[in-house]
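**Student:** quick one: sequence and predicted model below, then my questions.
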Amino acid sequence: MNLNLFPIVNLIILGAIISVILGILGWLRSGEAPLGKTFAVFSFGVALWIFSYGLELLFTSFTIKIFWGNMQFVGAGIAQTSFLILAFIYTNRKHLIKPPIIFWFCVVPALTILVAFTNQFHGLMREYLGVAYVRRPISFVSLEFEYGPWYWVNAAYMLSTVFIGCGLIARNIFRANRSYRKQGLALIIGILLPWVANLVLILGLNPIAPLDITILALLATNLLYANAIIRHRLFDLIPVARDTLIENLPDTVLVLNQNSQIVDINPAGLRTFNLQLSEILGKPVSNILPNSLESVLTPIGSMEKPISIETHLNFNSHDQFFNLTTTPLSNNDDKPDGWLITLADITQLKESENKIKQLLEAEREQRMLADSLRESSNILSTALDMESILDNLLILVRRVVPFDYARLFSVENGIARISRLSGYEKLPLDARLKTMTVSLEIEKTPNLKWMAENCEPLFITNVSDYDGWTKLTKDIDIQSWVGAPIFSHQELIGFISLTSSQPNLYNQEHANRLNAFAGQVSLAIQTARLFDELRRMAVTDSLTSLFNRRHFFDLARLEFERARRYGENLSVIMLDIDHFKQVNDAYGHVAGDSVLSTLARVCRADLREMDILARYGGEEFVILLPNTDLNSAAKTAERLRVKMETTEIELDTTTRREAAGYASNTELPSHLSVTISLGVSALEKSIPDLENLINRSDHALYDAKQSGRNCVRVWKTG
């Protein structure tokens with residue numbers, strides 16, 4: 001062995017390990033997205049490339065050196081092919097990546113590997129001249145060879161893949177905002193560095209000859225990609241989740257660059273404008289939006305706050321109305337990087353308003369009705385949480401339809417339950433409480449059943465003449481009634497029920513008014529639900545439904561500062577599943593997911609409401625315990641350890657069998673048990689910040705792992 005090269009080889013092996021870590025990080029942060037997984041394959045190829053070169057340097061045997069030299073072609077082939085596929089996926093061309101295309105991408109790398117390992121019979125890859133004993137700058141044994149014709153064929157192919165991939169990404173960078181430009185530039189520079197180094201090597205300008213400068217360039221590529229993942233959110237879960245949500249939005253979403261050109265559009269937008277993606281990307285937004293919007297969109301660069309207007313577009317001689325919102329996209333710079341335009345179809349709402357205006361245009365009361373509807377719509381549209389909408393609903397409906405008593409029903413599994421009341425304040429407390437607890441089976445309540453089946457409002461001039469009328473309380477006198485159903489995407493979610501002690505008060509006009517108002521409520525509820533879902537996805541882990549790491553730190557920092565300020569106890573538990581990789585390898589990732597979900601459930605059931613539990617990453621979890629000293633935290637950790645050790649996890653045998661490749665169910669157990677290791681630390685005056693406190697628990701967890709696992713270890717100062 002070239003013992004003199006151990007320091008250099010260690011550095012090279014470290015570079016290979018960094019590549020493996022980057023691959024794992026890209027894989028874990030990608031979720032189900034193919035981009036991160038393709039990047040992981042690329043990183044593993046680079047790791048094999050670097051590792052093989054390190055072993056080639058280390059060994060002195062001519063045969064072993066040739067073997068590891070050939071293995072470098074395997075790593076390079078994997079890296080270059082996966083980079084080309086990555087470029088297609090990164091630039092939204094993943095629909096082109098099909099098995100036949102991947103096969104042709106792999107032909108030349110596969111032939112190169114075959115030619116390299118059979119080189120002794122034909123010499124097409126390299127003509128080996130022997131070994132050379134290098135004395136300076138450090139003494140070691142090096143291979144001497146001349147490149148064969150196939151080496152240049154392979155080099156030309158690999159260079160072509162680099163140019164094609166970089167060209168696709170560069171074109172995408174031109175149309176992207178500043179955040180994605182940094183990601184794209186990192187990908188391009190990272191792949192070009194090894195090729196520039198290889199060119200220097202071929203031209204005989206290598207400053208560290210006979211060592212391969214290409215390997216140093218690959219190490220620099222690793223550092224560059226690590227920076228792109230950490231600082232520029234490459235393969236981040238939150239953008240992935242956010243993209244998935246926007247892709248499925250029923251509203252049109254457009255993304256503009258600084259030149260007001262369209263750089264992205266969701267499927268709903270393509271359906272709205274009846275255009276193909278290639279017909280709209282890169283085009284000015286004025287090409288598809290009406291000229292009447294020029295006063296809002298020009299000059300778009302001066303916009304600093306969101307602007308919302310109503311507009312209409314004509315499709316096949318049919319007007320469709322939209323609520324258009326324009327929002328600047330910025331990275332906290334003075335100048336926005338681009339703009340987000342959303343078009344919410346409010347055609348049904350506008351048609352309802354127009355019908356009301358046409359019917360009641362001649363009377364002042366009807367003009368006030370239209371104003372009230374518009375005001376209600378604005379108030380409801382600004383409420384982004386369900387409680388605010390429900391609180392405002394019965395207050396606003398009085399502006400549209402008069403009533404003495406109002407009830408808002410929510411519907412679930414065919415049962416209508418009262419969620420809000422108005423006008424019942426003058427009743428005795430027991431009567432109000434009794435009314436609030438009422439639930440009606442829709443199938444057995446004629447007026448509710450009729451509205452649910454016909455999707456229309458209903459009015460009753462005199463309830464005494466209506467068969468099947470349900471009297472909820474004897475404390476109020478009800479003579480006339482009007483109601484309207486509330487639908488969300490054709491799903492019945494509630495009813496508005498208004499009553500009056502005056503007989504024959506309500507008519508079809510009141511029913512139409514209430515129905516129009518119900519349409520506004522439906523739109524507001526849809527928006528609130530979408531906002532709640534987006535907010536939930538941003539702070540929770542999708543598998544375990546626990547807080548994610550980012551939200552944990554947001555909450556934990558507040559508790560940390562409060563504990564420091566008031567001198568209260570605060571403890572942190574870090575826990576990790578023992579031998580979790582063996583579970584995945586033996587039973588498949590479906591079983592691994594069951595283990596993670598079970599651990600989350602066990603912890604959640606045992607902890608207090610005030611404790612903060614989160615998935616820290618992979619199979620690691622973290623718990624913040626306010627008002628808890630070190631001894632109590634250690635007891636809590638031990639209690640969790642025992643409960644998890646004694647918990648049997650029931651597994652889906654069929655799914656697990658298929659994932660693990662077993663032939664029959666009998667080869668696998670129906671239940672699985674796992675253990676956990678835990679590290680505990682508590683707040684002390686010497687701890688400067690939350691990160692230091694968590695780091696202590698992490699060290700204690702490491703100590704538990706080193707102590708044989710399935711145990712609790714406490715951080716001990718000194």
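**Tutor:** Arrived safely, thanks for sending. Every value quoted in this text rests on a predicted model; they were computed, and no experiment measured them.
**Student:** so which helix or strand takes in Asp477?
**Tutor:** In this structure, Asp477 is located outside every helix and strand according to DSSP states H and E.
**Student:** so who does it touch?
**Tutor:** If a contact means C-beta atoms under 8 Å, 6 or more residues apart in numbering, then Asp477 has Ser501 as its contacts. All C-beta spots, glycine's among them, are computed from the backbone N, C-alpha and C.
**Student:** need phi/psi at it.
**Tutor:** As for Asp477, its main-chain torsions (degrees, to the nearest 10) stand at phi -100, psi 110.
**Student:** go on, Arg709?
**Tutor:** For Arg709, the backbone dihedrals (degrees, to the nearest 10) come out as phi 70, psi 180.
**Student:** pretty sure it contacts Ser677?
**Tutor:** Yes. Counting by C-beta atoms under 8 Å, Arg709 does reach Ser677; the two are 4.9 Å apart.
**Student:** the two: which is more packed in?
**Tutor:** Neighbour tally, Arg709 and Ser677, criterion other C-beta atoms under 10 Å: the higher count belongs to Ser677, 25 against 14.
**Student:** list the buried residues in the biggest helix by length in the chain.
**Tutor:** Taking DSSP state H as the criterion, the chain has its longest helix at helix 508-539. Across helix 508-539, burial judged by 16 or more other C-beta atoms under 10 Å covers 510-528, 537, 539.
**Student:** next: stretch 340-359.
**Tutor:** In stretch 340-359, counting by 16+ other C-beta under 10 Å, buried: Leu340, Ile341, Thr342, Leu343, Ala344, Asp345, Ile346, Leu349, Lys350, Ser352, Glu353, Ile356.
**Student:** just put those residues in a markdown table and tack on distance to Met71 and pLDDT.
**Tutor:** A markdown table is the format used below for these (distance: C-beta to C-beta, whole Å; pLDDT from 0 to 100):
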| residue | distance to Met71 | pLDDT |
| --- | --- | --- |
| Leu340 | 48 | 81 |
| Ile341 | 52 | 84 |
| Thr342 | 52 | 84 |
| Leu343 | 55 | 83 |
| Ala344 | 57 | 84 |
| Asp345 | 58 | 84 |
| Ile346 | 62 | 84 |
| Leu349 | 65 | 79 |
| Lys350 | 67 | 79 |
| Ser352 | 70 | 78 |
| Glu353 | 71 | 77 |
| Ile356 | 76 | 74 |
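**Student:** so which of these belong to helices?
**Tutor:** Leu349, Lys350, Ser352, Glu353, Ile356.
**Student:** where does the stretch 251-400 of the chain have low pLDDT?
**Tutor:** Along the stretch 251-400 of the chain, segments meeting pLDDT under 70 span 290-306, 315-317, 330-337, 358-373, 375-391.
**Student:** do that again at 80, thanks
**Tutor:** Along the stretch 251-400 of the chain, segments meeting pLDDT under 80 span 257-260, 263, 277-278, 281-282, 285-320, 328-339, 349-400.
**Student:** that one: strands as residue ranges?
**Tutor:** Secondary structure of the stretch 251-400 of the chain by DSSP state E, counting those that start in this stretch: the strands cover 252-256, 262-265, 307-315, 318-329, 338-345.
**Student:** got it, and the stretch 551-700 of the chain?
**Tutor:** 570-577, 612-617, 620-626, 649-650, 671-672, 676-682.
**Student:** could you redo those as TSV and give each row mean pLDDT and distance to Asn413?
**Tutor:** Below are these laid out as TSV (pLDDT from 0 to 100; distance: least, C-beta to C-beta, whole Å):
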stretch	mean pLDDT	distance to Asn413
strand 570-577	96	37
strand 612-617	93	30
strand 620-626	95	34
strand 649-650	85	27
strand 671-672	84	32
strand 676-682	95	38
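**Student:** most tightly packed of the ones you listed?
**Tutor:** Highest mean neighbour count among the strands of the stretch 551-700 of the chain (mean count of other C-beta atoms under 10 Å): strand 676-682, with a mean of 27.
**Student:** would you put the C-alpha positions of stretch 544-562 in CSV?
**Tutor:** Taking Å, rounded to 0.1, in the frame of the first residue of the first chain, the C-alpha atoms of stretch 544-562 are listed here in CSV:
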residue,chain,number,x,y,z
THR,A,544,-47.0,11.1,12.2
SER,A,545,-49.2,14.2,12.3
LEU,A,546,-46.7,15.7,14.9
PHE,A,547,-45.1,19.1,14.6
ASN,A,548,-42.2,19.2,12.2
ARG,A,549,-38.8,20.4,13.1
ARG,A,550,-39.2,24.0,12.0
HIS,A,551,-42.4,24.6,13.9
PHE,A,552,-41.0,22.8,17.0
PHE,A,553,-38.2,25.4,17.1
ASP,A,554,-40.7,28.2,16.8
LEU,A,555,-42.6,27.0,19.8
ALA,A,556,-39.6,25.8,21.8
ARG,A,557,-37.8,29.1,21.6
LEU,A,558,-40.8,30.9,23.2
GLU,A,559,-40.8,28.3,26.0
PHE,A,560,-37.1,28.6,26.4
GLU,A,561,-37.2,32.4,26.7
ARG,A,562,-40.1,32.2,29.1
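**Student:** what does that stretch contact?
**Tutor:** 237-238, 538-541, 568, 570, 596-597, 599-600, 604, 612-617, 621-622, 624, 626, 683, 689-690, 693.
**Student:** tell me where the model's unsure across the stretch 451-600 of the chain.
**Tutor:** For the stretch 451-600 of the chain (pLDDT under 80), the answer is 468, 470-476, 489, 520-537.
**Student:** can you give me the helices in it?
**Tutor:** 508-539, 549-566, 580-587, 589-606 (DSSP state H, counting those that start in this stretch).
**Student:** can you redo the ones you listed as TSV with distance to Trp469?
**Tutor:** TSV is the format used below for the helices of the stretch 451-600 of the chain (distance: least, C-beta to C-beta, whole Å):
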stretch	distance to Trp469
helix 508-539	17
helix 549-566	50
helix 580-587	59
helix 589-606	46
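**Student:** and Leu86, which of those helices is closest to it?
**Tutor:** For Leu86, the closest of those is helix 589-606, at 22.7 Å, according to C-beta to C-beta.
**Student:** report the angle between that closest one and strand 676-682.
**Tutor:** Interaxial angle, helix 589-606 versus strand 676-682 (axes from the mean of the first three to the mean of the last three C-alpha atoms, to 10 degrees): 40 degrees.
**Student:** got a list of contacts for helix 589-606?
**Tutor:** 543-546, 575, 577, 580, 583-584, 613, 615, 619, 621, 623, 636, 639-640, 643-644, 647, 649-652, 655-656, 659, 672, 674, 676.
**Student:** equivalent analysis for stretch 86-102, please.
**Tutor:** Contacting residues not belonging to stretch 86-102 are listed as 34-35, 38-39, 42, 85, 164-166, 168-169, 171-172, 184, 187 [C-beta under 8 Å, 6+ apart].
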